[in-house]
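Engineer: how would this look folded up:
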Amino acid sequence: MPFGEVVCGSPGSGKSTYCYGKHQLFTALNRPISIVNLDPANENIPYPCAVDISSLIKLEDVMNGFGLGPNGGMLYCMEYLEANYDWLEERLQELDKDDYILFDLPGQVELSTNHPSVKNIIRRLTKSGFRLAAVHLCDAHYVTDASKYVSVLMLSLRAMLHLELPHINVLSKVDLITQYGDLDFNLDFYTEVQDLSYLENLLNQQSPRYAALNMQICSLIEDFGLVGFETLAVEDKESMLHLTRVIDKATGCVFVPPPTAGQPPDTVDASHMPATQRPNMYSLMTSAAGPIRGPRSDVRDVQERWIDARDEYDAWEKAQWRKEGLKVQEEAARKKAKIRERTPSAKQTTEGQKS
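Structural biologist: Next comes the predicted model:
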């Protein structure tokens, strides 16, 4: 049963960067992964692409052939992919059955909120056995403006209702949030979507004419009670690991290395221990279903790292990187010195014994 993600979000939210970071992370963890590019306008793909829609159809050819604009041409490409779903199914069957699949969608938000083609493709994928989760990326700088934050809430809610998948909304680029101004509330107010009535004064200051409309929208979002956010800084390993755990929990994925995989470094080999002391499948499932713990599992830690004490953390990390670099250099020098050492030859040993 293949597991995977449908990565969606508005243009510039960091979808391709996230897919590339995920590929690097899974490669380091020896976890097989393949990425499917479903954006026919993406010409500069940063990640190794297992399946590329551009080999089926290109946006530029559609625009030139039918006289369509970028948005209309993108909708046509998705409808064409839906009509030729067999092409996608054949390419997916060529991948390894243990691969974790990422589907990188285009940035047009109507594809994940209104248009039926992507929804129909996802439905056929789930019927064929895929266990998918929708990962909806939103640029974190929207939370610095109350009206933009409400718009992001509406967009996220609409995508959740349309795609009908286990859904994880993500505030991406949280490490850059301080460049856009100060937050009116703590970060957990925005990630947990707490009492939105606190936004009333801010919304009235920005657009007093639409005060009643704004509060009705906030009330609608609270009535559904579905929207919440995780945070993401792609270059932060702990942030990527935490989001991976959240997504795995949503899809029910528990990664078990193959029997041929070697023992990971700095771990205890328990193969010789009695059965009562060896790790078992029950404890593995219990850990997967339990609460998620880690350095970035608490949003207050995220705020401290990227907002309240970013300079101090950056200085500490640089010091740690410097120490790691020195250790690597010392290890390389030690290995080089061992190579230069010459063992005495048999002739030299014989002459030494005679003398």
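
Engineer: C-alpha only now, for contacts and for neighbours.
Structural biologist: Fine.

Engineer: Helices of the stretch 151-300 of the chain, residue ranges please.
Structural biologist: With helices called from DSSP state H, counting those that start in this stretch, the stretch 151-300 of the chain shows them at 187-191, 200-206, 211-224, 237-251, 281-289, 299-303.

Engineer: other SSEs contacting the first one?
Structural biologist: This means helix 187-191. Helix 187-191 sits against strand 229-231, helix 299-303, with contacts defined as 3 or more Cα pairs under 8 Å, 6 or more residues apart in numbering; DSSP states H and E.

Engineer: mean pLDDT lowest for which of the helices of the stretch 151-300 of the chain?
Structural biologist: If you rank the helices of the stretch 151-300 of the chain by mean pLDDT, helix 281-289 sits at the bottom with a mean of 59.

Engineer: what are the bridge partners for the closest residue in space to residue 27 that isn't next to it in sequence, then?
Structural biologist: The shortest distance from residue 27 to any non-neighbouring residue, by Cα to Cα, 6 or more residues apart in numbering, is to residue 33 (7.6 Å). Here residue 33 sits in beta bridges with residue 100, going by DSSP bridges.

Engineer: Thought residue 97 was touching residue 33, still the case?
Structural biologist: No: contact between residue 33 and residue 97 fails when scored by Cα atoms under 8 Å: they sit 10.2 Å apart.

Engineer: and these two? which has more neighbours close in?
Structural biologist: residue 33 (21 against 13; other Cα atoms under 10 Å).

Engineer: Just the residues contacting the helix or strand residue 5 falls within, thanks.
Structural biologist: Residue 5 belongs to strand 3-9 when assigned by DSSP states H and E. Residues from elsewhere that reach strand 3-9 (Cα atoms under 8 Å, 6 or more residues apart in numbering): 15, 99-109, 112, 130-138, 251, 253.

Engineer: Same question for stretch 304-321.
Structural biologist: 174, 175, 176, 177, 178.

Engineer: Partner strands of the lengthiest strand in the chain, with direction?
Structural biologist: Counting residues, the longest strand found in the chain (DSSP state E) is strand 131-139. Using DSSP bridges, strand 131-139 pairs in its sheet with strand 3-9 (parallel), strand 167-172 (parallel).

Engineer: Switch the ones you listed over to a markdown table; also include distance to residue 214, mean neighbour count and mean pLDDT.
Structural biologist: Converted to a markdown table, the strands paired with strand 131-139 look like this (distance: least, Cα to Cα, whole Å; neighbours: other Cα atoms under 10 Å; pLDDT from 0 to 100):
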| stretch | distance to residue 214 | mean neighbour count | mean pLDDT |
| --- | --- | --- | --- |
| strand 3-9 | 23 | 24 | 95 |
| strand 167-172 | 22 | 24 | 96 |
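
Engineer: Redo those strands as CSV? Include distance to residue 185.
Structural biologist: As requested, the strands paired with strand 131-139 are exported to CSV (distance: least, Cα to Cα, whole Å):
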stretch, distance to residue 185
strand 3-9, 24
strand 167-172, 16
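
Engineer: Which helix or strand in the chain has the lowest average pLDDT?
Structural biologist: For the chain, using mean pLDDT, DSSP states H and E, the weakest element among its helices and strands is helix 346-354, scoring a mean of 53.

Engineer: Taking helix 237-251 as reference, get the angle to the strand holding residue 5.
Structural biologist: Note on geometry: by axes from the mean of the first three to the mean of the last three Cα atoms, to 10 degrees, strand 3-9 and helix 237-251 are set 110 degrees apart in direction.
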